[in-house]
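Colleague: Take this sequence and fold it.
(one chain, ligands or ions: 1)
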Amino acid sequence: MGGMKRTARLALDNRDLLLSALRALAPLRGLALELGSGTGEHALAVARAFPDLEVQPSDPDPEARASIAAWREEAGPSNLRPPLDLDLLAPAWRRIAADLLLCVNVLHLAPPAAGEALLEGAAALPPGAPLLLYGPFLDGPPPARLVRFDAELRAHHPALGLRPLAPLIEAAARRGLRLETRQPGREPGDLLLLFRRAP
Ligand SMILES: C[S@@+](CC[C@H](N)C(=O)[O-])C[C@H]1O[C@@H](n2cnc3c(N)ncnc32)[C@H](O)[C@@H]1O
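Modeller: Here you go, the predicted model:
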């Protein structure tokens, strides 16, 4: 099982930033649902840092779920749940009654409908509950890194690509999700966005 465990430099790079943003929301209780957990390193870190939170990782990719399960088996605290096979584009995840949603470096790697689906699901959070989103977004003239990255993604598949920030914030507002915090991420053009469901 240990051999299935994966690690991602990017996940380690932005982990402390994500934890700091979550600490600012403390006390955190209830169920944190992560969509697109990848290696599982963020879910593991969040579960360790917030023992009063139940952390539910998920990913549609079986290799990612194997990695999450391996991390959990080796090092997971009891509040880290086994990974679920959830796809933002399928409605099942919205039936999970989460108190916090986490989605890191996913939206540019999924079709635009995934962003819409994420906001739809977040609109069903309890009043005041947070959606923490992290990733590269297009906001004004993009840094060269993002121009290259966007071209690479679109060459890989035309449905992928960096998402513009302003329409995302507007779509969130239409669903009663207010942007509370916006801060630069670890790489130029990366942003950490904290939305709150209207009280
Ligand atoms: C770059 S990885 C990020 C993983 C992790 N969140 C992190 O920051 O290290 C992107 C992840 O999004 C997942 N993903 C892609 N499309 C998805 C979708 N439609 N719904 C949920 N997750 C998706 C992929 O399987 C992959 O694990």
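Colleague: show me what contacts whichever residue of the chain sits closest to the ligand?
Modeller: Relative to the ligand, the nearest point of the chain is Gly38 (2.3 Å; Cβ to the nearest ligand atom). Every C-beta, even on glycine, is put in place using the N, C-alpha and C of the backbone. Shown in contact with Gly38 (Cβ atoms under 8 Å, 6 or more residues apart in numbering): 6, 8, 11, 59, 64, 67, 104-105.
Colleague: Show me what from the chain comes close to the ligand.
Modeller: Contact residues, the chain versus the ligand (Cβ under 6 Å from any ligand atom): 8, 10-11, 35-39, 42, 59-61, 64, 87-89, 104-106, 109-110, 114.
Colleague: Of those residues, just the buried ones, ChimeraX syntax please.
Modeller: To isolate the buried ones among the residues of the chain next to the ligand in ChimeraX, judged by 16 or more other Cβ atoms under 10 Å, type:
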select :8,10,11,35,36,37,38,39,42,59,60,64,87,88,104,105,106,109,110,114
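Colleague: In strands, which of the residues of the chain next to the ligand fall?
Modeller: 35, 104 (DSSP state E).
Colleague: Near Ala97, how many residues? Count them for me, please.
Modeller: Burial measure for Ala97: 11 neighbouring residues, criterion other Cβ atoms under 10 Å.
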